[in-house]
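**Q** could you look at this predicted model? Sequence included:
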Amino acid sequence: MRPRINGIGTANPKTAYSQSELLERYGMTDPRIASIFENSHIDQRHLLLPDLDDDGNPVDESQGQLLVKHRSHGIELAAEALRRCLEDAGAEVDDIDYLCCVTSTGFLTPGFSALLINELGIPRDCHRADVVGMGCNAGLNGLNAVTSWAQSNPGRLAIMICVEVCSAAYVFDGTMRTAVVNSLFGDGAAAVALTADSPRPGQGPAVLKFASRLIPEAMDAMRYDWDDDQHKFSFYVDRDVPYVVGAHAEEVLAALLDGTGVRRSDVAHWIVHSGGKKVIDSVRVNLGLTAYDLRHTESVLRNYGNLSSGSFLFSYRQLVEEGRIAPGDHCVFMTMGPGSTIEMALLRW
């Protein structure tokens, strides 16, 4: 009767840009900035960018306009991801008993959970939670809460939606600090459906265990704070983040597998957050993984960029669609983000 993932759905804006198109659109000619974009191992990202003015330059968006973008487009993306998730799960909107919405690209009160219940006709007595501002690791923090609720309410449908309009958190000021962020993140939403009931043929994986590790000495390595000069919130990523994550990945994996009877060699599938090429490489080296193990992680980075909290669900969707999963297979989910934090989950088909 463990909670199982029985549906997955994702959504992105229709507009997508290559890295060279973004450099040209924003007139970024500094060779150092161009190098960051061109060596990101990202082919394209789906983004909601502002219109061009009469001079052909992107309109500068105020913090208020960015929040409007976060809300309006966030609802659209979340609704589409949810529709696809419910279709995959063979469920209806009226079946939803618990809704958890995860986001880090804007602040809303009421949050996305209330807004979506109102917009989509989800039952008004639906239990809900909003996970806000935790960053790229937050998808697993949310999944932990959703799994616990599903476990306590057998047979009832729980939904988690990660909705990230990363283009609503951009600052274009020509600095190296913002260039790193602007070269990496994309817009998208992902939803999963969980139910704890008797296992049936064709069901998704059971969620067995979670592990978490905060790295206080790297507290400031990733942060989202106010930029007085730009009058906007601005995201900062330290260049040493990949090495911090890699150095602590082993101990979190050991804690995850401890007491489960599952050995590392028993793990058939690895779904790691697409945090960037250096992050992926650091995790691969420190955990002794192969490029094949992380093929879906790298594919999502290449085709979507870093989608923050929902990235790992895009990789999970690709794994499911690949059709190479066998009953009894184990899978590890891994996300990382501000704190600095590493989150993991163990699943089994």
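**A** In hand now; what should we look at? Residues are numbered from 1 along each chain as shown.
**Q** where along the chain do the helices fall?
**A** 19-25, 31-38, 63-89, 112-120, 138-152, 176-182, 241-257, 277-287, 295-304, 311-322 (DSSP state H).
**Q** residue 8 is nearest to which of these?
**A** Closest to residue 8 of the helices of the chain, according to C-beta to C-beta: helix 311-322, at 4.9 Å. C-beta coordinates here come from the backbone N, C-alpha and C atoms, glycine included.
**Q** output the contacting helices and strands for that closest one.
**A** If contacts are counted by 3 or more C-beta pairs under 8 Å, 6 or more residues apart in numbering; DSSP states H and E, helix 311-322 sits against strand 3-11, helix 138-152, strand 188-196, strand 267-272, helix 295-304, strand 330-337.
**Q** just checking: what are the partner strands of the last one?
**A** Each strand that pairs with strand 330-337, with its direction, by DSSP bridges: strand 267-272 (parallel), strand 341-348 (antiparallel).
**Q** what's the closest of those to residue 137?
**A** Per C-beta to C-beta, nearest to residue 137 of the strands paired with strand 330-337: strand 341-348, 4.7 Å.
**Q** what's the angle from the closest one to helix 277-287?
**A** 60 degrees (axes from the mean of the first three to the mean of the last three C-alpha atoms, to 10 degrees).
**Q** got the CA positions of strand 341-348 in PDB?
**A** Presented in PDB, the C-alpha positions along strand 341-348 are these (Å, rounded to 0.1, in the frame of the first residue of the first chain):
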ATOM      1  CA  THR A 341      20.700  21.100  -0.100                       C
ATOM      2  CA  ILE A 342      20.700  17.700  -1.700                       C
ATOM      3  CA  GLU A 343      17.500  15.700  -1.700                       C
ATOM      4  CA  MET A 344      17.100  12.000  -2.800                       C
ATOM      5  CA  ALA A 345      14.300   9.500  -3.100                       C
ATOM      6  CA  LEU A 346      14.300   5.700  -3.700                       C
ATOM      7  CA  LEU A 347      11.600   4.200  -5.900                       C
ATOM      8  CA  ARG A 348      10.700   0.700  -7.100                       C
END
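**Q** identify the residues contacting that strand?
**A** 5, 134-135, 137, 140-141, 143-144, 205-215, 245, 248-249, 252-253, 256-257, 260, 262, 328-336 (C-beta atoms under 8 Å, 6 or more residues apart in numbering).
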